[in-house]
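**Q** mind looking at a prediction? Sequence and model below.
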Amino acid sequence: MPSTLQHLIDANRAWAERVEREQPGFFKALAQQQTPKYLWVGCSDSRVPANQVIGLAPGEVFVHRNVANVVVHSDLNALSVIQFAVDVLKVEHIMVVGHYGCGGVLAVLREQRVGLADNWLRHVHDVKMRHRGRLMHLCAHEQEDTLCEMNVIEQVGNVAQSNVVQDAWSRGQPLAVHGWCYGLKDGHVKDLGVTMTKPDEVVDVFRTAIKRYPRSPDAKPGSSDFPV
């Protein structure tokens, strides 16, 4: 194993030279401004690179990533990114992007311990338990894909309920929150149909999205509640 990362530095030099050769002045112009229209809230998984997935160049998408693309109201890191993106950069779209085969989601489903991250993944576990009536009757593969999607839907609701987004909407700032799931096997993004653009859409859009996942015949009514 190499003791230095010189090969990465060399690759960086080659990349920068190639970009400058193809687009003269690219870096000088990029350094002068940052005006992205999009905020990507995604998973830290190394197989899901935000810019490449949606074909955008550096400077065109603001990015926040964490294990299992979770957004909770106690996470000042995520909320600070959202606040900066909305209030300072004036992004017009926030995309919460999960991906099928997410290791964090699979660990929750399989009840596998991963270490300190187990505490963080409790948020995904809460999603699993809240919607168990729509989830646990499925086969293993369907459970995995469904919980990945449900987790995104819940996080979209959390983003939309944040004071940053609510305040932006109250002052008439154009802002939409979207939920996507990315396929590692084909590179395609699936729109989960949970786009929210104003406060009075949030609950109805969330509930409609969750109802797409049928309950088990044995499930008790009321086991799928709006996230709080």
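**A** Received the coordinates, thanks. Numbers count the residues shown, from 1 in each chain.

**Q** so how far is the helix or strand of the chain at the bottom of the mean pLDDT ranking off the chain centroid?
**A** When the helices and strands of the chain are scored by mean pLDDT, DSSP states H and E, helix 26-32 comes last with a mean of 91. With C-alpha atoms, centre = their mean, to the nearest Å as the basis, helix 26-32 stands 28 Å off its chain's centre.

**Q** which segments of the chain make up each domain?
**A** Per automatic domain parsing, the domain ranges recorded for the chain read 1-32, 35-210.

**Q** Ile94 should be in a helix, yeah?
**A** No - judged by DSSP: H, G, I helix; E, B strand; the rest coil, Ile94 forms no part of a helix; its state is strand.

**Q** Trp180 is in contact with that one, correct?
**A** No - counting by C-beta atoms under 8 Å, Ile94 does not reach Trp180; the two are 10.9 Å apart. Yep, even glycine has a C-beta here, placed from its N, CA and C like the rest.

**Q** what about the two, which has more around it?
**A** A count of neighbours by other C-beta atoms under 10 Å puts Ile94 above the other of Ile94 and Trp180, at 27 against 22.

**Q** for the more buried one, give me its contacts.
**A** For Ile94, the contact set (C-beta atoms under 8 Å, 6 or more residues apart in numbering) comprises Tyr38, Leu39, Val41, Ile82, Ala85, Val86, Val159, Val165, Leu175, Ala176, Val177, His178.

**Q** bridge partners for Gly98, pull those for me.
**A** Here Gly98 sits in beta bridges with Cys181, as judged by DSSP bridges.

**Q** pLDDT at it, what is it?
**A** If you check Gly98, the pLDDT there is 98.
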